[in-house]
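Colleague: Got a sequence here, can you model it:
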Amino acid sequence: MTYVVNEKCIKCKYTDCVEVCPVDCFYEGENMLVIHPDECIDCGVCEPECPADAIKPDTEPGMERWLELNRQYADNWPNITAKKAALPDADDIKDEPGKFEKYFSPNAGSGD
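Modeller: Numbers count the residues shown, from 1 in each chain. Predicted structure coming up:
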């Protein structure tokens, strides 16, 4: 098992999860984070820290798609190990449905 970030992170990018991760397995895109599934130690400390409820175990139904997306982009985006400010409209958009189709960006973030 590993944890994955799903579409609830898109256009929010809270980094509370990054701050508590003991193995620094988060990677930063332009408007979301992902977890590298081969680096995650399944400790679960990140899941309750996410204000958008965007982190789930890959064993939950429907997470297969997100596991592959996390793997793909973790290999291409820079590592992030320190907390940053969330995106400007994060609180307003965090519960919006269909964010992947509307807003996903494959572009890398700045990382650390």
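Colleague: got the residue ranges for the helices in this structure?
Modeller: 16-20, 64-74, 90-93, 99-103 (DSSP state H).
Colleague: Could I get the average pLDDT for the first one?
Modeller: So that's helix 16-20. Summarised as a single mean, pLDDT over helix 16-20 is 97.
Colleague: Likewise for the longest one?
Modeller: The average pLDDT for helix 64-74 rounds to 97.
Colleague: who does it touch, helix- and strand-wise?
Modeller: strand 3-5, strand 33-35 (3 or more CB pairs under 8 Å, 6 or more residues apart in numbering; DSSP states H and E). (C-beta placed from N, C-alpha, C; glycine too.)
Colleague: ok, residue 109 touching residue 30?
Modeller: Yes: between residue 109 and residue 30 there is a contact under CB atoms under 8 Å: 5.5 Å.
Colleague: re earlier: out of the helices of the chain, nearest to residue 84?
Modeller: helix 16-20 (7.9 Å; CB to CB).
Colleague: shared neighbours, residue 109 and residue 30?
Modeller: Overlap of the contact sets of residue 109 and residue 30 (by CB atoms under 8 Å, 6 or more residues apart in numbering) is empty.
Colleague: Tell me how many other residues crowd the residue nearest to residue 86 when sequence neighbours are not counted.
Modeller: Spatially, and ignoring its direct neighbours in sequence, residue 86 is nearest to residue 14 (4.7 Å; CB to CB, 6 or more residues apart in numbering). Applying other CB atoms under 10 Å, we find 22 residues neighbouring residue 14.
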